[in-house]
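pasting the structure only:
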């Protein structure tokens, strides 16, 4: 590389890194907070170097102040990555539903640590979802979709704010629907179990049946979760693939 090309290369790299870095910061799997910051930064720099040769012509053709373009690219990357993160948000929502159904949320009233035990199911399902993203090669689709995003959303173009708002509403409603689908077996179990407890309480009102049956509800609920985790994973992969194809339509 000639030294005379360095300023143009640096500007193109900065613009590309603004979108790629912000997108990878928000994407599930690649941008998890549990990962150290330095490896995530190095991964974003490496992906930017891989993406730059294929999109450099569109970067150098932009006609706008460099600072404005960088800020616009950061917002664009965060918007796309946030839509992708709604996939694991669906699992966290399902975990909260399950914890409430099987009785783990009762710890919020008794636990001095503000019921952090009730978040165990949501955290476990979030980690499970990240594993499924890598197992299903969805991270490859995300990386390929980064290059494709420069064709659908070129640098310097006006941000489609209305389209992003409509997309976010669609993905949010889909996440709620997927969370209910994933947690549906445990919700049915909780309804039947609590209905039975209510009947027993009517037959024997002198016994505190709900307090006595709470450990049974937790044990049976966790056992049902262990038996149904495979079906939940398949439903999550279907939803995640649909969302990744919607926001990063590039194929493998």
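Looks like it came in fine. Small disclaimer: the values here were computed from a predicted structure and weren't measured.

so where is the stretch 151-252 of the chain shaky, pLDDT-wise?
For the stretch 151-252 of the chain, applying pLDDT under 70 flags the ranges 249-252.

Going along the chain, name the helices of this structure.
6-26, 37-60, 66-102, 107-110, 120-135, 138-152, 161-203, 209-247 (DSSP state H).

okay, the angle between the second one and helix 138-152?
Our comparison of helix 37-60 with helix 138-152, counting by axes from the mean of the first three to the mean of the last three Cα atoms, to 10 degrees, yields an angle of 30 degrees.

got the angle between helix 37-60 and helix 66-102?
Using the same axes, to 10 degrees: helix 37-60 against helix 66-102 is 130 degrees.

tell me which strands and helices helix 37-60 is in contact with?
helix 6-26, helix 138-152 (3 or more Cβ pairs under 8 Å, 6 or more residues apart in numbering; DSSP states H and E). Every residue, glycine included, has its C-beta placed from N, CA and C.

likewise the longest one?
Counting by 3+ Cβ pairs under 8 Å, 6+ apart, the packing neighbours recorded for helix 161-203 are helix 66-102, helix 209-247.

same deal with the first one?
Counting contacts by 3+ Cβ pairs under 8 Å, 6+ apart, helix 6-26 packs against helix 37-60, helix 66-102, helix 138-152.

ok, back up a step: could you look over the helices of the chain and pick the most buried one?
Scoring those by mean neighbour count under mean count of other Cβ atoms under 10 Å gives helix 66-102 as the most buried, with a mean of 21.

where's the nearest residue to residue 201 once chain neighbours are set aside relative to residue 221, distance?
Counting by Cβ to Cβ, 6 or more residues apart in numbering, residue 209 is the residue found nearest to residue 201 once chain neighbours are left out, at 4.7 Å. Applying Cβ to Cβ, to the nearest Å, the value for residue 209 to residue 221 is 17 Å.

Over to residue 136?
27 Å.

Relative to residue 200, how far out is the most far-flung residue of the chain relative to its centre?
No residue in the chain sits farther from the centre than residue 206, which is 46.8 Å out by Cα atoms, centre = their mean. Residue 206 is 12 Å from residue 200, where distance means Cβ to Cβ.

and what of residue 207?
8 Å.

likewise residue 151?
Distance from residue 151 to residue 200, by Cβ to Cβ: 62 Å.

Spatially central, which residue of this structure would that be?
residue 85 (2.6 Å).

In contact with it, which residues are there?
Shown in contact with residue 85 (Cβ atoms under 8 Å, 6 or more residues apart in numbering): 26, 27, 28, 31.

Recalculate using a threshold of 6 Å.
Contact analysis of residue 85 by Cβ atoms under 6 Å, 6 or more residues apart in numbering lists 26, 28.

Then the one 5 residues further on?
Applying Cβ under 6 Å, 6+ apart, one finds that residue 90 lies in contact with 175, 178, 179.

Please determine how far it is located from residue 28.
In terms of Cβ to Cβ, residue 90 sits 10 Å off from residue 28.

now residue 81
Taken as Cβ to Cβ, the span from residue 81 to residue 28 is 9 Å.

what's the spacing between the closest residue to residue 72 other than its chain neighbours and residue 77?
Leaving aside its sequence neighbours, residue 72 sits nearest to residue 159 (Cβ to Cβ, 6+ apart; 6.4 Å). With distances taken as Cβ to Cβ, residue 159 is found 12 Å from residue 77.

what's in contact with stretch 31-42?
24, 25.

and it, how far from the chain's centre?
A distance of 16 Å separates the centroid of the chain from that of stretch 31-42, by Cα atoms, centre = their mean, to the nearest Å.
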